[in-house]
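Chemist: any chance you could fold what I've pasted below:
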Amino acid sequence: MDQPLQRDNVRIDGDTGAVDGRGKFSRAAVPRGTRFTFEVSLASDVSVNPDWSDLLSVIANGFRIGGATRRGLGRVCVKTVSSQTFELDKDDQYQAYCNYQRDPAAVAAASKDISSTIARSPTGAHILELQVKAVDYVRIGQSKEPLALGHAARPPHQIPRHETVIVWSKSQGATLQELRVVVPGSSIKGALRHRVQFHLNCLNGSFADHAPADRMPDEPSLKSVFGFVADRSRGENGKAQAGIISIDDVFLDKDPIIGLMMHNSLDRFSQGTRDGVLFSEELLFETPLSLCIEISAAAQIDPKVREALRLALDDFSEGRLAIGGGAAKGHGYFKKNVALRDHTKSRSWTQFFGGCS
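Modeler: Below you'll find the model as predicted:
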């Protein structure tokens, strides 16, 4: 790969659920499977420091780095943790520290792998997993190269989002795998947030009949869950807060079933077919998804927001909330294969939303 990945994003208006005309932007990201090596050091007067053990346990659990971590990016899986101790009051140890090389290969050769000995501490986050399957067709995002090469005389005009990922194996090391279909976490979170706000307004009795003409009022309890950024149109300068809900990107492991749908553009005045404006759309058919939703502070969620979140997830898993493009044509609807589970405490969906201990 010569350049980093580019992901186009469109901000969703929180009141209407439609695209904000001023909200298109792009974000560069490194591909999935990229490996990093970084170093953390701690100076201590004792050979066994409990702070060091606590730090290692946090690192070993995996974490998120960088931007857009609540919308699918930045999740890191720790493969190896190596450690080395230098007693600087000894001449040979001091000299070894002075000659210490930061090269990853040299570090691996001189350090001891302690990955299996680290005691992983609980993070306190709840991990919810939902297995769903598309009712029929789905298209999320946009790419240039078609997934089904050579199945049409010319490439489709609209193609599902796919990316190049890095795959690691013991025999070949790192290899590039192209045309890997991805469902960005942002595409799920935007639709989910709007539906949660809809249900929260119903629970609070906040209906459009009693709202200002321009927009519905903000709910602070909802903003604390999903986060928010400054809205200059409302005079919010510099205000921002990260949310407590993170939704991972979903990469399809198996080759999806690809469909091709042809469309005619209609004249806006006569409603007749326009000549020479035939276009095609590549779609995924009956695609299964495994969604991972992490809630870092579930006990802090307002009871009404928790109920609204339950209703929104129920809508999504029962074919009442679409994601991606073509919702008006019936695309993007899913139904659950397996009931949502709270993997943190092996509880069911109902038990989780009934209360968090």
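
Chemist: wait, a helix at Gly201?
Modeler: Heads up, residue 201 is Asn, not Gly. Yes - following the definition DSSP: H, G, I helix; E, B strand; the rest coil, Asn201 is counted among the residues of a helix.

Chemist: could you measure from it over to Leu311?
Modeler: Taken as Cβ to Cβ, to the nearest Å, the spacing of Asn201 relative to Leu311 amounts to 12 Å. Every residue, glycine included, has its C-beta placed from N, CA and C.

Chemist: show me where the stretch 1-150 of the chain has its helices.
Modeler: 50-60, 91-98, 104-110 (DSSP state H, counting those that start in this stretch).

Chemist: so where's the longest strand in this protein?
Modeler: If you go by DSSP state E, the chain has its longest strand at strand 273-285.

Chemist: C-alpha coordinates for that one, PDB please?
Modeler: What follows is strand 273-285 as a C-alpha-only set of coordinates in PDB (Å, rounded to 0.1, in the frame of the first residue of the first chain):
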ATOM      1  CA  THR A 273     -37.300   7.300 -17.800                       C
ATOM      2  CA  ARG A 274     -34.300   9.500 -18.800                       C
ATOM      3  CA  ASP A 275     -32.400   8.300 -21.800                       C
ATOM      4  CA  GLY A 276     -28.800   7.300 -21.300                       C
ATOM      5  CA  VAL A 277     -28.900   7.400 -17.500                       C
ATOM      6  CA  LEU A 278     -28.900   3.700 -16.700                       C
ATOM      7  CA  PHE A 279     -26.800   2.900 -13.700                       C
ATOM      8  CA  SER A 280     -26.000  -0.200 -11.700                       C
ATOM      9  CA  GLU A 281     -25.500  -1.000  -8.000                       C
ATOM     10  CA  GLU A 282     -23.500  -3.800  -6.400                       C
ATOM     11  CA  LEU A 283     -25.100  -5.100  -3.200                       C
ATOM     12  CA  LEU A 284     -24.400  -7.700  -0.500                       C
ATOM     13  CA  PHE A 285     -27.100 -10.300  -0.100                       C
END
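
Chemist: helices or strands up against it?
Modeler: Contacting strand 273-285 under the criterion 3 or more Cβ pairs under 8 Å, 6 or more residues apart in numbering; DSSP states H and E are the following elements: strand 137-138, strand 257-266.

Chemist: out of those, which is closest to Ser221?
Modeler: Across those, the minimum distance to Ser221, taken as Cβ to Cβ, is reached by strand 137-138, at 31.7 Å.

Chemist: contacting residues around the helix or strand following the closest one?
Modeler: Next in sequence after strand 137-138, counting helices and strands by DSSP states H and E, comes strand 162-169. Applying Cβ atoms under 8 Å, 6 or more residues apart in numbering, the contact partners of strand 162-169 are 1, 5, 31-35, 143, 145, 147, 174-182, 251.

Chemist: same thing but 6 Å
Modeler: Contacts made with strand 162-169 from outside it, assessed by Cβ atoms under 6 Å, 6 or more residues apart in numbering, are listed as 5, 31-34, 143, 174-182.

Chemist: stretch 139-149 too?
Modeler: Stretch 139-149 is touched from outside by 155-156, 159-162, 179, 183, 187, 258, 282-283, 324-325, with contacts defined as Cβ under 6 Å, 6+ apart.

Chemist: returning to that earlier point: tell me the two of the contacts of strand 162-169 that are most distant?
Modeler: For these, with distances taken as Cβ to Cβ, the pair at the greatest spread is Ser143 and Ala174 (22.6 Å).

Chemist: quick one: low-confidence ranges for this structure?
Modeler: For the chain, the stretches flagged by pLDDT under 70 are 1, 12-19, 104-110, 119-124, 149-153, 210-218, 230-238, 338-357.

Chemist: quick check: beta-bridge partners of the residue nearest to Arg32 when sequence neighbours are not counted?
Modeler: Excluding its sequence neighbours, the residue lying closest to Arg32 (Cβ to Cβ, 6 or more residues apart in numbering) is Val165, at 4.3 Å. In this structure, Val165 bridges to Gln177 when assessed by DSSP bridges.

Chemist: any idea how far Phe279 is from Asn155?
Modeler: Asn isn't right for residue 155; it's Pro. To Phe279, Pro155 is 11 Å away according to Cβ to Cβ.

Chemist: ditto for Ser206
Modeler: When distances are taken as Cβ to Cβ, Ser206 and Phe279 turn out to be 41 Å apart.

Chemist: so those two - more neighbours on which side?
Modeler: Between Ser206 and Phe279, counting by other Cβ atoms under 10 Å, Ser206 is the more crowded of the two (15 against 12).

Chemist: for the more buried one, what are phi and psi?
Modeler: phi -100, psi 100 (degrees, to the nearest 10).

Chemist: quick one on the thing from earlier: give me the neighbour count for the residue nearest to Arg32.
Modeler: What Val165 shows, counting by other Cβ under 10 Å, is a neighbour count of 18.

Chemist: give the buried residues for the longest strand of the chain.
Modeler: Under the neighbour-count criterion of 16 or more other Cβ atoms under 10 Å, strand 273-285 has Ser280, Glu281, Glu282, Leu283, Leu284 buried.

Chemist: let me have these in JSON lines, adding distance to Gln95 as columns.
Modeler: Output for the buried residues of strand 273-285, formatted as JSON lines (distance: Cβ to Cβ, whole Å):
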{"residue": "Ser280", "distance to Gln95": "68"}
{"residue": "Glu281", "distance to Gln95": "66"}
{"residue": "Glu282", "distance to Gln95": "62"}
{"residue": "Leu283", "distance to Gln95": "64"}
{"residue": "Leu284", "distance to Gln95": "60"}
